[in-house]
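> Could you work out the structure for the sequence below:
(2 chains)
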Amino acid sequence: MKITNDTIEHIAKLSRLKLSESQKDTLTSEMGNIINYVDKLNELDTKGVEPKSQVIPLQNVFREDVVAESLDKDELLSNSACYDDGALKVPKVV
Amino acid sequence: MELNVFTAHELSGMLKKKEISAVEISEIFLNRIEKIDDKVQSFITVCKMEALNKAAEVQKKIDGDANLAELAGIPGAIKDNMCTKGILTTCASKILHNFVPPYNATVVDKLNSNDVVLLGKLNMDEFAMGGSTETSYFKKTRNPWNLDCVPGGSSGGSAASVAANETVFALGSDTGGSIRQPSSFCGVVGLKPTYGSVSRYGLVAFASSLDQIGPITKDVTDCAIVMNAISGHDHMDSTSSDRAYPDYKDGLINDIKGMKIGIPKEYIAEGINDEVKKSILDSIKTFEMLGATCEEFALPITEYAIPAYYIISSAEASSNLARYDGIKYGFRADKFDDLLDLYMKTRSEGFGTEVKRRIMLGTFALSSGYYDAYYKKALQVRGLIKKGFDEAFSKYDFVIGPTAPTTAYKFGEKLSNPLEMYLGDIYTASVNIAGLPAMSIPCGFDSKNLPIGLQLIGKQFDEKTLIRAAYTFEQNTEFHKKKAQI
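All right, here's what the predicted structure looks like:
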């Protein structure tokens, strides 16, 4: 798989990252090398092998939905760069 | 001998006999940090007042002859990706440079209830992405054995602080080798427990299916003691395993007669430094002399572990790190036009180069058109890696090999070539992919007097066998007695 400048621009957009022209160039070559290396996986025949997202014997872990004490709202808000009147402040969306 | 070289079990005995107070112990370590941390640079935050207050509180309990935990009054420090209520938790990133968590990670609560005195928060690669601690936004931690060398990573601050006797023990986290490799580089004992045996609640997520917290200590006995304190089921972590956890100290048996040990051929083949290889072969002889049977076996899947690891871990990271948007907590860019611009600028200014590279790689692997070819393929290979180890464990009690292909290297040596840095995880990453427990213990020194680590890999939830083998090795060798001169 060849990584082009266009691929990098598209992926950066999906990643919500703004890249300078020189960063784009560096990443095009670095990601190209990395992807070229991971393409090695294609040497393996994985037909019929089940994809494993986790490897310990656990399935559907649930707990009772009970009301319990939660974190303090003001304390949580105090970590935001911008908040007012019990709410987070963001630029106008609509 | 200075008291800061003592282990937890030694200091605990002195506290019980009232030969020393918890406050005196904490002062010794805080003074040590003050004296040498401008050289080692292990700590991002030192919690001096909190530590002294906690030590005084614990001493009162000791004076009242309360029945206390073995770690009561013992100073410990933790990697800065574990949340500490009211104490800065940065993940060594600009994007979290001002984050003060409103809650404790479960491991922090557990250390507190064991009356551990928390000395502070330790440096690491940004978001635990790296193998040298050079990607930290704040500082470069140095290897106590040679200040021109990296301590390894990503838990470089954790391993260096233990090796430099700035703390008795530390907690690190390991996604692809981040506890074991720095432990190897710094000549200390590091354990990556079985996935699910130590709660990840409050651990800043990197790759959720691979991340695991574990101890870094001066000897194997302390490793078992810290595991007793931090392991166990936690309903706050849905991947935490609900089972009976052993007393890990039961593994402290100086005997491995009759045990069968496997050595993956690929772990001592090309790519390994000659001095490291010699030291591993010597360790195999030591195990044989102690009555174990050692045998080489083929684990051909080894060469596919790194590509699978970088796809899986980066994919999970790109998803986990989507939460850093400048809105809820952490850094927010100063100037922006609209909401999208706020996201873009915050993330571009807040994340470092390596983190951006991994987010990009992960986003690529998960993006439309490439998902099957990369992410799904890597998950299939994960199944094959697990199978390879399952087969090995049907024949062997545990597996040994090197922790890393080299000893500690100089600053800047690998930073400019990401792929070369990634290849340093060759012997460690497959362990996380298969969810296995693995330990690194000191097993020698190279000609530059830099430590070499021996890796022991076990069956899922069989840490006790690893501790037993590591303890036997330690009791019959002298490597752990040699200390960094700093």
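> Just give me how far the lengthiest helix in chain A sits from the chain centre.
The helix of greatest length in chain A, counted in residues with DSSP state H as the criterion, is given as helix A:21-38. Average the C-alpha atoms of helix A:21-38, do the same for its chain, and the two points are 18 Å apart (Cα atoms, centre = their mean, to the nearest Å).
> for that helix, packing partners?
Contact here means 3 or more Cβ pairs under 8 Å, 6 or more residues apart in numbering or on different chains; DSSP states H and E; on that basis helix A:21-38 packs against helix A:5-14, helix B:305-320, helix B:353-366, helix B:418-423. The C-beta positions use only the backbone N, C-alpha and C, and glycine is treated the same way.
> is the helix or strand just after that helix up against chain B anywhere?
Per DSSP states H and E, the first helix or strand lying C-terminal to helix A:21-38 is helix A:73-77. Yes. Counting by Cβ under 8 Å from any Cβ of the partner chain, contacts between helix A:73-77 and chain B involve A:75, A:76.
> strand partners of the next helix or strand after helix A:73-77, parallel vs antiparallel please.
Sequence order places strand A:83-84 as the next helix or strand after helix A:73-77, per DSSP H and E. Sheet partners assigned to strand A:83-84 using DSSP bridges are listed as strand A:87-88 (antiparallel).
> So what's the residue count around residue B:226?
By the criterion of other Cβ atoms under 10 Å in any protein chain shown, residue B:226 has 30 neighbours.
> rewinding a little: turn the helices and strands packed on helix A:21-38 into TSV, columns for distance to residue B:224 and mean neighbour count.
Written out in TSV, the entries for these read as follows (distance: least, Cβ to Cβ, whole Å; neighbours: other Cβ atoms under 10 Å in any protein chain shown):
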stretch	distance to residue B:224	mean neighbour count
helix A:5-14	45	17
helix B:305-320	28	25
helix B:353-366	34	24
helix B:418-423	32	17
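> so what strands line up beside the strand or helix carrying residue B:399?
Here residue B:399 is covered by strand B:398-402, with elements defined by DSSP H and E. Sheet pairing for strand B:398-402, assigned by DSSP bridges, gives strand B:260-264 (parallel), strand B:451-457 (antiparallel).
> Now do that strand, average pLDDT.
Taken as a whole, strand B:398-402 carries a mean pLDDT of 98.
> Now find how far off-centre that strand is within its chain.
Centroid separation for strand B:398-402 versus its chain: 18 Å, with Cα atoms, centre = their mean.
> Not counting that strand itself, show me its contacts.
Taking Cβ atoms under 8 Å, 6 or more residues apart in numbering or on different chains as the criterion, the residues outside strand B:398-402 that touch it are B:184, B:259, B:261-264, B:267-268, B:272, B:276-277, B:280, B:283-284, B:287, B:294, B:389, B:392-393, B:427, B:452-459, B:462, B:465-466, B:469.
> can you rerun that using 6 Å?
Contacts of strand B:398-402 with the rest of the structure, by Cβ atoms under 6 Å, 6 or more residues apart in numbering or on different chains, involve B:261-264, B:267, B:276, B:280, B:392, B:427, B:455-458, B:465.
> just stretch B:341-351 next, same as before
Residues outside stretch B:341-351 that contact it (Cβ under 6 Å, 6+ apart): A:16, A:17, A:18, A:91, B:94, B:95, B:325, B:326, B:331, B:332, B:333, B:336.
> Just the buried subset of those, written out for PyMOL, thanks.
In PyMOL syntax, the buried subset of the contacts of stretch B:341-351 is picked out as below (16 or more other Cβ atoms under 10 Å in any protein chain shown):
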select buried, (chain A and resi 16+17+18) or (chain B and resi 94+95+325+326+331+332+333+336)
